[in-house]
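1. Output the structure for:
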Amino acid sequence: MNSLPLEGRSILFVGGKGGVGKSTTAAALALHLAESGEQILLVSTDPAHSLGDLFDTSVGDQKREIIPGLHALEIDPEQEIQRYLARVKSTMRHYVQPAMYSEIERQIELTRHSPGAEEAALMDRVTSLMEEGPTSHDRIIFDTAPTGHTLRLLALPEIMAAWTTGLLRSRERSASLGKAVDRLRGREEARGDELAWFDDVKEPATDERTQKIQEVLLERQQRFSRARRLMLDPKMTAFILVLIPEKLPILESEKMFKVLKRHKVPVAGVVVNRILPKNQTLGEFLESRRSQEAEYLERVEKAFAKLPRVQIPLLSHDVEGIDALREVAQHLEIDR
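-> Predicted structure coming up:
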């Protein structure tokens, strides 16, 4: 068992399989750091939010002070998609012909339920929070959704940066084609107007519109590239894996760790949650469970041998409220 190396790392992601105590761990960690004198922002990206339940208070889509030094918010995917699409519509209205407004808006609305729309909207908000964080908080802790959703979210900056790069190259090729057509038209004018059906690509309004579209795409590309650099910076960012000593959570955590390593996302350590209490007589049933648990803990040690590992015991009561979270936080050994 080791301490989690969090010194200097201002962006923390807490993740793992659903139901292993990610939110509890994230909330206890945030509380511990805040009560140690840090300014902490705790953000839930999980559509099934539970921060409000853990702190026994209302937490919404805007920052709410839980205790001095600790603010929390729960990102609402529906509201985020609505805001995201509204920004896209507003931007597009500047760059398309008025006659196309209604069709463009219809197409944008159709993307609301398309694959990746929720992740794109969430990533936009997460990127904003990461960029704003250092100005108002010492650390931001993201309580993430279950494994698959989180991996898609973390991969999105790279995907979106590549996508916008492709669009920019397409715009450049289109501009080159327009110039070639212009030259060709110049040659044909002496013989007639066979190419008159081409729009005049050199109209000032079109050129200005094209330039603005390129500027927007370039800004988006740079934004997602910045997000990716932040996520991959081991001095700034760390991912904390949470699991329980059972077969399926361990298997999923092993797979997640491999994916994170492949994408070069820095992993700070592993939190093994809900360990059966030691030095207590548990009865025949729970003693059998403890024997099985010991085997799984050995597997955790082998699978994550190069990572610090922290153990949190199973409590005799539900984790709800500040006092219960403090009890959990007592077991979080941290190098800060």
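
2. Output the contacting helices and strands for the helix or strand encompassing residue 132.
-> Element membership of residue 132, judged by DSSP states H and E, is helix 117-136. Counting contacts by 3 or more C-beta pairs under 8 Å, 6 or more residues apart in numbering; DSSP states H and E, helix 117-136 packs against strand 40-44, helix 77-92, strand 139-143, helix 147-188, helix 204-232. C-beta here means a position set from N, CA and C on the backbone, and glycine is covered the same way.

3. Compare the ones you listed and say which comes out lowest on pLDDT.
-> Lowest mean pLDDT within the helices and strands packed on helix 117-136: helix 147-188, at a mean of 61.

4. The residue nearest to residue 289 when sequence neighbours are not counted and residue 4: what is the separation?
-> Nearest residue to residue 289, sequence neighbours excluded (C-beta to C-beta, 6 or more residues apart in numbering): residue 276, at 6.5 Å. From residue 276 across to residue 4, the span is 22 Å (C-beta to C-beta, to the nearest Å).

5. Ok, residue 248 next?
-> 24 Å.

6. more crowded one of the two?
-> residue 4 (23 against 12; other C-beta atoms under 10 Å).

7. can you pull the contacts of the more buried one?
-> 238, 240, 268, 269, 271, 308, 310, 332, 333, 334, 335 (C-beta atoms under 8 Å, 6 or more residues apart in numbering).

8. confidence score at it?
-> pLDDT, read off for residue 4, is 93.

9. hey, what's it bridged with?
-> Beta-bridge partners of residue 4, counted by DSSP bridges, are residue 334.

10. Could you number the chain from 144 rather than 1 from now on?
-> OK, 144 is where the count begins now, so the last one is residue 147.

11. I'd like to know how far it sits from residue 421.
-> Residue 147 is 21 Å from residue 421, by C-beta to C-beta.

12. same thing with residue 274?
-> Noted for residue 274: a distance of 44 Å to residue 421, by C-beta to C-beta.

13. now swap in residue 181 and tell me
-> 31 Å.

14. between the two, who's got more neighbours?
-> With neighbours defined as other C-beta under 10 Å, residue 181 and residue 421 compare such that residue 181 has more, 16 against 8.

15. what about that one, which SS state?
-> Classification of residue 181 using DSSP: H, G, I helix; E, B strand; the rest coil returns coil.

16. Any chance of the backbone angles for it?
-> Phi and psi for residue 181, reported as degrees, to the nearest 10, are phi -90, psi 160.

17. In contact with the residue nearest to it when sequence neighbours are not counted, which residues are there?
-> Among residues not flanking residue 181 along the chain, residue 281 sits closest, at 4.3 Å (C-beta to C-beta, 6+ apart). Residue 281 is in contact with 153, 176, 181, 182, 183, counting by C-beta under 8 Å, 6+ apart.

18. burial count for the last one?
-> Translated: residue 183. Per other C-beta under 10 Å, the neighbour tally for residue 183 reads 24.

19. quick one: it and residue 227, what's the gap?
-> Taking C-beta to C-beta, one finds residue 183 at 26 Å from residue 227.
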